[in-house]
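Colleague: here is a sequence together with a model predicted from it:
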Amino acid sequence: MANTAINIFLICDLSIFRTALRMLIESENRFQVVGEASDANTAVEQIAKLRPNIILVDVSDIDERALLPLSSPEIAKIPVLILTRKDQVEFYQQCLKLGIKGLVSKQNGAEVLYKAIEKVCEGEFWFDRSIMGATIRHMLNEKQSFLDNPAVQKANGMTEREREVVELICRGMKNKGIAEKLFIAETTVRHHLTSVFNKLDVTSRLELVIYAFKHQLVKVPSLQNSFEENGSDGQDLHYLEARS
């Protein structure tokens, strides 16, 4: 990158700040802004065509919905660097989960921004060391708490097929429908259910559904979608009390 200008795509929600940031960046010959947009949604098509070396984002709030378009397959490999005023651990954690390669505080000088752009383009990460350390510790503590949860430990003992059976039961399907859906015999479904009951220490389908939703083993569906999918008007849910 030393002898070639780094091509930057700029995303900033306010036009006046976007213009000022562009002027700041292009005051250095080693950088070139090849495109700009006010948000990620309107930027995706341009980024796919221009193929910049880096995407620089300066917006008021970063969340998964705002940056989700940048994870589309055609541009997902282009690194993203965030300009921010925030220094909370939760914010850094969110950015790490979104795959952001770096964050630069707006309190830093222009030289820090320039260096961060170069380092991220070289494949490195750029985060404030003290905040990053606290963020990693926080994430490790969260992970350990999750793993220490007895319900999670029980669920980890289930096979992939057993998880599929649990999900279909939580959708309101009976054994015959599950067997047809998974292309297996009804007796095999019953064997899977017996194994699941033993592993999760539940004694009925109703207990299983409550357990699965309570411990987030499956997503809670909308009742309307569940009834429509299974051809039910909501009057035959008594079957959950049966073991098979």
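Modeller: Okay, I see it.
Colleague: now do the residue sitting furthest away from the middle of the chain against Ser72, distance only.
Modeller: For the chain, the largest distance from the centre (CA atoms, centre = their mean) belongs to Thr187, which lies 37.3 Å off. Distance of Thr187 to Ser72, computed by CB to CB, to the nearest Å: 44 Å. Backbone N, C-alpha and C define where each C-beta goes, glycine included.
Colleague: find the nearest non-adjacent residue to Met158, please.
Modeller: Sequence neighbours aside, Lys199 is the residue nearest to Met158 in space, at 5.9 Å (criterion: CB to CB, 6 or more residues apart in numbering).
Colleague: that should have said Ala40, apologies.
Modeller: Using CB to CB, 6+ apart, the closest residue to Ala40 is Pro69 (4.3 Å).
Colleague: number of nearby residues for the one you found?
Modeller: If you count neighbours by other CB atoms under 10 Å, Pro69 ends up with 16.
Colleague: right, and it touches Asn41 too?
Modeller: Yes. In this structure, Pro69 is within contact of Asn41 by CB atoms under 8 Å, at 5.2 Å.
Colleague: in this structure Ile78 contacts Pro52, no?
Modeller: Yes. Ile78 is within contact range of Pro52, at 6.5 Å (criterion: CB under 8 Å).
Colleague: find the residues that touch each one of the two.
Modeller: Residues touching both Ile78 and Pro52 (CB atoms under 8 Å, 6 or more residues apart in numbering): Phe9.
Colleague: so between the two, which is more surrounded?
Modeller: Pro52 (21 against 18).
Colleague: how near is the more buried one to Gln46?
Modeller: Distance, Pro52 to Gln46, by CB to CB: 9 Å.
Colleague: what touches both of the two?
Modeller: By CB under 8 Å, 6+ apart, the residues touching both Pro52 and Gln46 are Phe9, Gly35.
Colleague: the residue nearest to Met158: which element?
Modeller: If you go by DSSP states H and E, Lys199 is part of helix 186-200.
Colleague: can you give me the buried ones in the very next helix or strand once past that helix?
Modeller: Reading on from helix 186-200 to the C-terminus, the next helix or strand found by DSSP H and E is helix 205-214. Neighbour counts over helix 205-214 (16 or more other CB atoms under 10 Å) mark Arg205, Leu206, Leu208, Val209, Tyr211, Ala212 as buried.
Colleague: cool, stretch 105-123 as well?
Modeller: Per 16+ other CB under 10 Å, stretch 105-123 contains these buried residues: Ser105, Leu113, Tyr114, Ala116, Ile117, Glu118, Lys119, Val120, Cys121.
Colleague: closest one to His192 out of the residues you listed, please.
Modeller: Val120 (47.2 Å; CB to CB).
Colleague: pLDDT score for the closest one?
Modeller: On the pLDDT scale, Val120 is placed at 92.
Colleague: residues in contact with it?
Modeller: Per CB under 8 Å, 6+ apart, neighbours of Val120: Ile54, Pro79, Leu81, Lys101, Gly102, Trp126.
Colleague: convert the C-alpha atoms of the helix holding Lys199 to PDB, please.
Modeller: In PDB, the C-alpha atoms belonging to helix 186-200 read as follows (Å, rounded to 0.1, in the frame of the first residue of the first chain):
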ATOM      1  CA  GLU A 186     -42.500 -42.500  13.300                       C
ATOM      2  CA  THR A 187     -40.800 -45.100  15.500                       C
ATOM      3  CA  THR A 188     -37.500 -43.200  15.000                       C
ATOM      4  CA  VAL A 189     -39.200 -40.000  16.000                       C
ATOM      5  CA  ARG A 190     -40.400 -41.600  19.200                       C
ATOM      6  CA  HIS A 191     -36.800 -42.900  19.900                       C
ATOM      7  CA  HIS A 192     -35.500 -39.400  19.500                       C
ATOM      8  CA  LEU A 193     -38.200 -38.000  21.800                       C
ATOM      9  CA  THR A 194     -37.400 -40.500  24.500                       C
ATOM     10  CA  SER A 195     -33.700 -39.600  24.200                       C
ATOM     11  CA  VAL A 196     -34.500 -35.800  24.400                       C
ATOM     12  CA  PHE A 197     -36.800 -36.300  27.400                       C
ATOM     13  CA  ASN A 198     -34.000 -38.200  29.300                       C
ATOM     14  CA  LYS A 199     -31.400 -35.600  28.400                       C
ATOM     15  CA  LEU A 200     -33.400 -32.600  29.300                       C
END
